[in-house]
Structures are given as structure tokens and as C-alpha cells.
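Undergrad: model this:
(2 chains)
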Amino acid sequence: MKDHFTMDAPQPRLLDEMKQGVIGTPMDRPDGPQKVSGTAGYAADHTTENMVHGVLVRATITRGRVRQIDKSSVEAIDGVIDVITDARMIRNPAQGMAGSAPVQPGDAVHYHGQPIAVVVAETFEAARDAAQRLAVHYETEEAAVTPETSTDVETGEPETAGDFEAAWSGSEVTVDKTYTTGAHAAAAMEPHAAIAEWKDGAVTLRSALQMVRFNKKELADTLGIDPSNVRILAPFIGGGFGSKLGLGPEAAAAAIAAEKLGRPVRVVMTRQNVFDTVLRRSETSQRVRFGATKAGKITAIAHDDRVSNIDGEGFAEPVTQASQFLYGADGLSFTQTLARIATTPAGSVRAPGEAVGMLAFEAALDELAEKLGIDPVQLRLDNLPETHPMDGRPYSARRLADCLKDGAERFGWADRGAPGSRREGDWQIGMGVASAARANMLIKSSSRVRLTGNRAIVETDMTDIGTGTYAILAQIAAEALGLDPSHVEVRLGDSDLPGASGSGGSFGANSAGSATFLAAKKIRARIAEALGCAEDSLTLQNGLARGDNREAALTDLVTEEFLEEATVKAGKTSESHFSSGFGAHFAEVAVHEWTGEVRVRRMLGVMSMGRILNEKTARSQAIGGMIWGIGSALTEEMQSDPRDGHVVTRDLANYHVPAHADVPGQMQVVFLEERDDYANPIQTKGIGELGISGAGGAILNAIAHATGRRVYDYPATPDRVLAALDA
Amino acid sequence: MKPFDYIRAGEIEDVAGGQIIAGGTNLLDLMKIQVVAPDALVDITRLDGLSDIAEHEGGLRIGALVTNTTVANDARVREGWPLLSRAILAGASAQIRNKATTGGNLLQRTRCPYFYDTSQACNKRAPGSGCAAMGGAGRMLAIFGTSEHCLAAHPSDMAVAMAALEAEVEITNASGETRCVPMNDFYRGPADRPDVETVLGDGDLVTAVILPTPRAGERQTYRKVRDRASYAFALVSVAGSVRMEGDTIKDVALAYGSVAPHPWMDQKVVEMLEGETASNELFQRAAKTLVPETAPHPDTEYKITLLRRTFIAAMRQLTGLADSAGTDISRAHS
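TA: Reported below is the predicted structural model:
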């Protein structure tokens, strides 16, 4: 029995009325012991009888055509079975929620590093050897590999509200600065991997994928088969951060090779493959303009950006996403320019848009505060708009002011002193603040709940990419059904199960959580019916059902399985109200005046992000995001050759995600109590990406406070900090 | 990985002709991506007499197979040559240091990304193929001692400390004869053969590093600046040891890392400092002498500034000019 629910109106806060008392608690993730003991089965862990090994061959030209692949160059290698090319192979991973095949380039080469073939051998070592030694002959073409040299550059229409030009020219105080950010890699711990096996015209793919419902369609479309002949299994994923939203070249190659050879094929990307071909976050160039009155009322906001992507990809880093709704002004204007370049394609990397847009936006606002002589916290507080500045929608729930005030109090903001005024030896110390914002979403999602006695099973193709989905869905079902969470089994990542949102855009908990809640609610109705009470008088707790003076154990009441499925999707509330997570980041840094080294000494994030489902996994998400903030501000940058565009930072020794020593001992996260009634039936908001959005901005503002100088090119590595100090 | 023969050396004569492997922390990575593809690996980890640290003529003899972790944690090293301990601990990660050996650390290869990418020209990997790093992305390249054939920098931290400490490399040939070579004569500049990095000949084995008598009463530091706080190669580093008498610099030993194809030393700078009163002005002048006018690659222009300033930071620390409060990098995290 299905229930399609559309979020057209605020829903009662039923989770607050239920009695089990597990929602929100810092419950350990049930899959934790499996993960730390190495028994959680990740994609490449699976082995099947008769399985062979594929390694992707990369193009070593920037643009052109594969004229010939000389198989004889590797035939002598012991164990090599075949070198496979196929018109169905894909150029790069699909964009998030594409649901269709990405570009299938045939023999065309569109960037250096593009997979052009898969070598299959009896052993991984033989396949890797052959992939390395395979002789490939190309025809080459010229191609631009930097946005500055691109000849295919398109500027979109400005998105505006009010009259920016009039507001700008009438502003008493202005800031007009240009910032750059480097390209980022998701750099998930687990490299992309897939195992494909065919039986009776149908393929089963085990792969590290975030959005199984969409990935199933992507694989079917890639192979030209009906989706009913595709099954995808992704029960555990070793980090995604957007890089596993869409079906990847390794999965297509595994499926194609397995079909051709009639044997299961495993293809695991090398770490170098991952950097070469997995979607990167575009580098950006951003011009930010703030106009204000002398009294500190913002009058004009413009945020214009230039990003890049390869031909054929619809994605452009949405740099100004948060800039459009954080602060009010008489005139606002946002213009994006997209340069086409022949490099590793760009796509979603954790908090696309905010992660880099807020570095520049919040830094420029800090400069405005300095120019006005107004405290940066106060300037933000003074310019919070009543409603969405671009379209006038009311905010569904916004405790940004509380976050800023609470954070300032906790962090000791009042003692921060003048810029450049605090030092310890050769280190200059400073504090910075930035707002946090990340738009919130509800994506169509289905879930099935089955109850027998006091044991429940939750089934959905939703994924857990390390975020805690297994924990929170168990908690939601346990709360709704009055069960100990250990009595709830959660089954995820199987495309035969009801289709969920998948993990992306921080919408997974909202979407799959709501569907699970609604399915459990249907089961509550059946329990009430079985007990003989009204549904709204039913109380479920510790396996007991009570209502209207009746009481029964679920083990007596539910002797045959109750099975319910529910689907949730966004509705009128997303049009009537604007929902976003909000918060305030604070950072204290030390900057070495001689070497330009920056050390983050402490960070605080105060966040209002709707109902917290699990205090521990939510906190982990928030801290993880803040560490990404350290990376975007200080350390992370993909570097490429300026001539042929090939990535030169192709491993984790040279692509610098923050190490433990970069993360201060004091990483404090505070959640302010909030329910977002317009967001979804469980009043939650996305968490994962709010932690990063703004965190780096607070660090960069702290550098400016410590030194009295500003860095405009990020990450702020020692060379760039020194350039600012010497400027 | 290309198939290879594996030979376990029982005697020192067994090492001739094969690719030597000890900890393998760099070599195995290179083999996986076929930057190095030997026909035979000679495992020296069972050879006798290479795994101990022994007192030797007032100093120490560190066997080539002693792990980086063991050297860094050795009480005698920490007491007499703290610079060496700090340099080792500033490199790699705990896991790598547990496996990496003293000899292997000296012989590790450059981290130039063009050396690691077999689709790119590299005279060090494929002699005569050219140098794709010229005109490419070159932030980690050297600023001293390069040639028109190679711009790569040597990445070791340990070797820089050993150079400053005037350590010698003990080399044993296939006949069992031993010779000692000062650290800075051990490495060759790239010239027209960037693939030949040391004076080792066929059958030669690094068997130990000899540390001379401790520099008693000296303050030592290893100042490494990098893109993140741990597990990153140096952008530049300064290894230094200074003996002061009052405000006067009596003795100074210095070496610089990640700026040349080998640990870089500059006697002129030492001469400028010795006998002088410590001051920022002196260090500024010496730093100007130390650094080159221009860098061989535009991406490393910043290293001129960074080396100059890191040198000053290190000298301020070594001479007591910097307040102790903030000079120890570990204390930047309050």
C-alpha cells in the first residue's frame, strides 16, 4: 500500500510527541563495528568466482582522436585477456541526478586523462602493467585548457532584484574586490570502484555510488538496455562528497567488459585515475561589490563569477547561491560567466557554490565592515533581510541572528581587539567571523517499513556515504514505532528497494527520513486499528501499544507482518517559503610574520539546521564540513599543467586535504534548537554542507584581522600570505 | 607493476646488478606506476650489521637499515643532534617513518610531478626525453643547482639535517671495501645526467651514516615550511645549529631543503654570520646573499622570498632574537 505525500502545508511535529525518546540522541551508528573491523563490504571488497580485473587506460593528449590502439603491445603480458574499447564507454561520471548517460565520446578525446579503454586481465597487476604499456596512436587537435585562454566563453543574463547600478552609484561607501579560488577534488578515501556481473541479459553492478535510483537509469541508458535489467548495490560507500553522485567510467567499463567476456569484471580506479577523471570543483574568479551607507546599511550587492567546465556538461559551479539570500540591499545583481576548457570535467563537490562563493563574499563583507568601522558581527546583524531579497519569499526558519550573537558570546569576540594588535612571539593572532548558509531541499523519496512483533525493517535504495543514514533511519522508525533502535534493521543501497533521493545536496536525511517516517506512520495507523483505538490517541513505547484505555504488546498485536511504503515529495511550501540552514562560523588563527604559515587555533560553528536527528552524527558532519573549510581556505588546490591541462596533483601526498595537525583541538559545534515546519514532515534541514559553507571565510577574515592584510587568492598557502604581507 | 625477480641478499656481494629495496616506501610507489620497472629487486633487509646505531669516534654510526622512527626516537640523537630528530619527525607520516630506512631516505627520488607521470618528458626518468617541468606547473621545483636538463628538487628532510651536521655517508663496495663521503659530496648535480643522482657506482651500497661529535652547547632547529601542517613536502626548509657567546654568533652550521637537487649549503652565509652580533639587520643581509636573483621557473619565484624569510625566522629562533613564546611551531596551537 503506497502513500504519496506532497509537502503542501506545514505538518504537526509528531516526532516531538512520540515517547520512545531516541530521536536526536547521540546514538552510535549501528554500522560502526562493521566499519572499524573491516567487515563492511565496500564495492571492491566483493569477490566472485571467475572474476577478472580491469584497469582504465587514460588518454595522454588533450584533444583529438584515438587513431589506433595497438593491442599487440600488451599481448605478451602474462594474464592479459583483452583491451576493450566500446562506443558506450563514458567520458566522465554523470552529473548528480542526471538519470541518463553522460557524454559517450567514441574515439574522440576531450581531455588529458580521459578513459579511452579498459584492459582486462586475470590479475590486477597484469591489467595495470598492460594499461601502462599499451601503445596508443592519436590525432591531436589544439585546445584551450585555462579559462583565460578559452575562446568559448559565455556570460549569462544577470539575475537581479531592484536596480543595482542606481544603488551602487548612490552608495556612500563601497568595496569592489576580485578573488580567485583553486580547483578542488572531493578526494574521498575510497577510490571509485565497480564490479559488474551479467546473468540472463541483466547486469548487477556493485559500485560506490551516492544516488542509486538515478545511477540505475544512467547505467541502463549507457548500455542501451531497459532499467529493469539493471540492479545496483551500494550498501557502503567510503566517502562521496559529490564525487560519486553519478555513474562513473569505471562502472560503465566494468559492465561493458563483463558483458563481452562473459565473466564478472572488477574495475577500481587508481588514485591517479580519480584525480584525472572524477568531476572536480571548478576554479573560480569572483568580483564582489558591496555598497553601503556610512551608517552601515547595505544598499548594493553584486557578485559576478567566472567558472569553467568542459564541453557537453550542463553544470556550472553555482558560486552565488548563498549571496542571493543572506543580506538585503536596494539593488542586487549576480552574473555568471562559463568558460569551456579541455580539462578534467567539473561537477558537484561538497557544497557546490557556497564552499567557494562564501569565501569571497564573506571576505568582501568583512572589508566593508572595516571600511565602515563597524564590528563585522554587528554589520551582519544589521543587514539581515525580512524576506528573500530576490523573490520576497519569507524564510521558513532562520536563526542566523541568534547564531551570530550566541557564537560571538561563546567565542569571546568582544576581546578581539584591533587588526594586527595581538601577537605571541613571531606569530600574529586574529579572529574572524562569517555567516553560514546552505539552501535546503526535499527530493522525492520512497521508503518501506515492515513490522513484525517488535522488530522492524526499513528498506530504501538510499545510501550511507559515511554520513549516518543507517543510524538516523533506525532512530526515526524506532521513535515512530516505539522500538529499541537495535530492533530496527535498515537495508540500504539496493536498487530493488524503493527509490530514494540518494545522498547529495545535504537532502538525504530530509528526504529518505521523511519517507521512512511517513511509512512508519502508516504502520501506526494499522497498529491503532488492530488495538482498536484512534490513531491520534496511540502511544508506542518499548514495544507496547497503548490508546483509549487499551494496551497490548506489539509481539501479540503484530503477529503477521505490517508492510507500508510511502513517498514524499516537495510541494507548495517550497514555493511559499524559502528554506535554508543558517549558522555562524568563528575562527582564531596564528600567522607567522616571517614565513606566512597559518595555523588555525580554534573554530566554533553555531548552527540552526532544523531538528537534529542524531546529535553525534550531526556533529560529525558539521565538524567534517568545518575541516573542509580549513582545506578550502588554506591547503586544497588541484594544480594543472598550463599547456595540456593534465592534473599534476594526482595523489593524496600532493593534493592537500587538511591533515590532523591542521585541525585544532578546539572544534566546537553548537546546534540551536529549531524546527523547520515548511521543510518536510520531520522538520529537519540538511546538515553536511552547512559546516563548510562560510567556515573558510571565517579563517580568511581571521588572517586579515591577525595581520591587517588580505589575501585574495585561495587557498592562502604561505607564498600567498607572504605576498600579501609584502604588498 | 611489471613482473620482477626477487632476490634476498645474504651477503654484501649479492647487491650488485639489481635494484636495491629496503623499506620500499618510495620505490614500491614508483614501481606501481612504472616510473621504475626493475627486472630484479634485491632485498637487503636481512644483511647483518646495518640495523644498529652505535657510538663511533665520539659520534654515532647509524646503520643504513635503521628506520627513520628509530633514529628520531633514539635518546642519544635527541640529546646530541636534536636537529636530526626534528627533521625526521617533520617528514612523511608515522607509518612511513616506521618503514623507511636511513639509506632509503637519502636515496629517495624527487617528487617532481613530471617525474611521476610517464606521459610526460623527464630526463631523470627517461634520459634524453626532455624536461616537461620547464614551462609546466612547477611550484615544488628547485631554485639552486638546476641544469637545463632538470629542475627537480630533492625532497628529503633528514638529509638536510645531516648535511648541516656535517654527517658522512659510509659506502661499501662489492669487495667489502668501505669509504666515507661528506653528505654534500654524496649527491651529484643534474648537469646533463639528471638520472644519476649520487656518486654510488654499481655494487656500491650505503651502509651507514656517520654523525660527528655532537655540537655541544648549540641551539638547533629544523624549520620546515609547507602547504599543510603535516604530511607535506617542504616548500623550503632551514636546518641550523648555532653557538652563541652573549649576543655574538660563535659557530653556525646551516643547510637548506627543497631548494636544490640535494641539501643546499652556502659557506658565504656562514662566514657573514660567524663573529657577528645577532640582529635582524644582519640576518636580512645574509639572507640576501643566500638567495638567487631569479628562479629558474616562474612558479618558484616565491621560494626566493620564502627562503629568505624562513632563514631569518630560523636565525631569530637560533639566536634568541625571537620570543620563545611563539617560535616553537607546536605552540602556535594554544
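
Undergrad: Can you show me the helices along chain B?
TA: Applying DSSP state H to chain B gives helices spanning B:27-32, B:68-73, B:75-80, B:82-89, B:94-99, B:102-106, B:158-164, B:183-186, B:267-273, B:280-290, B:301-318, B:324-327.

Undergrad: residue boundaries of the helices in the stretch 51-200 of chain A?
TA: Assigned by DSSP state H, counting those that start in this stretch, the stretch 51-200 of chain A shows helices spanning A:72-75, A:124-133, A:164-169.

Undergrad: Only alpha carbons, please: show the second one as CSV.
TA: Looking back up the chat, that one is helix A:124-133. Presented in CSV, the C-alpha positions along helix A:124-133 are these (Å, rounded to 0.1, in the frame of the first residue of the first chain):
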residue,chain,number,x,y,z
PHE,A,124,45.0,-6.6,-11.2
GLU,A,125,48.8,-6.3,-11.5
ALA,A,126,48.8,-7.6,-15.1
ALA,A,127,46.0,-5.3,-16.0
ARG,A,128,47.8,-2.3,-14.6
ASP,A,129,51.0,-3.2,-16.3
ALA,A,130,49.2,-3.5,-19.6
ALA,A,131,47.3,-0.3,-19.1
GLN,A,132,50.6,1.4,-18.5
ARG,A,133,52.4,-0.1,-21.5
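
Undergrad: before we move on, back to that, any chance of the helices of chain B in TSV with mean pLDDT as columns?
TA: TSV is the format used below for the helices of chain B (pLDDT from 0 to 100):
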stretch	mean pLDDT
helix B:27-32	96
helix B:68-73	98
helix B:75-80	96
helix B:82-89	97
helix B:94-99	97
helix B:102-106	98
helix B:158-164	98
helix B:183-186	94
helix B:267-273	98
helix B:280-290	98
helix B:301-318	97
helix B:324-327	44
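
Undergrad: before we move on, the earlier item: I'd like to know which of the helices of the stretch 51-200 of chain A is closest to B:Asp74.
TA: helix A:124-133 (37.6 Å; C-beta to C-beta). Every C-beta, even on glycine, is put in place using the N, C-alpha and C of the backbone.

Undergrad: by contact count, what packs against the closest one?
TA: strand A:52-58, helix A:72-75, strand A:80-84, strand A:115-121 (3 or more C-beta pairs under 8 Å, 6 or more residues apart in numbering or on different chains; DSSP states H and E).

Undergrad: what sits up against that helix?
TA: A:53-57, A:73-74, A:77-80, A:83, A:119-121, A:266, A:268, A:270, B:1-3, B:32-34, B:118 (C-beta atoms under 8 Å, 6 or more residues apart in numbering or on different chains).

Undergrad: Turn the buried ones among those into a named ChimeraX selection, would you?
TA: Listed next is the ChimeraX selection for buried residues among these, using 16 or more other C-beta atoms under 10 Å in any protein chain shown:
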select /A:53,54,55,56,57,74,77,79,80,83,119,120,121,266,268,270 /B:1,2,32,33,34,118
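
Undergrad: Now do the contacts for residue 311.
TA: By default, I'm working from chain A. A:His110, A:Asp152, A:Arg340, A:Ala342.

Undergrad: other chain: chain B
TA: Contacts of B:Phe311 (C-beta under 8 Å, 6+ apart): B:Val238, B:Leu254, B:Tyr256, B:Phe283, B:Ala286, B:Ala287, B:Leu290.

Undergrad: Skip the chain neighbours and tell me the closest residue to it.
TA: Spatial nearest neighbour of B:Phe311, chain neighbours left out: B:Ala287 (4.8 Å); criterion: C-beta to C-beta, 6 or more residues apart in numbering or on different chains.

Undergrad: ok, that neighbour to chain A distance?
TA: Look at B:Ala287 and chain A: by C-beta to the nearest C-beta, to the nearest Å, they are 10 Å apart.

Undergrad: Surely that residue touches B:Ile312?
TA: Yes: using C-beta atoms under 8 Å, B:Ala287 is in contact with B:Ile312, at 5.5 Å.

Undergrad: For those two, indicate the residue with more neighbours.
TA: B:Ile312 (23 against 20; other C-beta atoms under 10 Å in any protein chain shown).

Undergrad: my guess is that one contacts A:Thr595, does it?
TA: No: at 9.1 Å, B:Ile312 does not count as touching A:Thr595 under the criterion of C-beta under 8 Å.

Undergrad: A:Thr573 falls within a helix, correct?
TA: Yes: looking at A:Thr573 with DSSP: H, G, I helix; E, B strand; the rest coil, it is inside a helix.

Undergrad: And it, how close does it get to chain B?
TA: 43 Å.

Undergrad: need the contact list for that residue.
TA: A:Met7, A:Asp8, A:Ala9, A:Pro10, A:Ser396, A:Ser579, A:Tyr678, A:Ala679.
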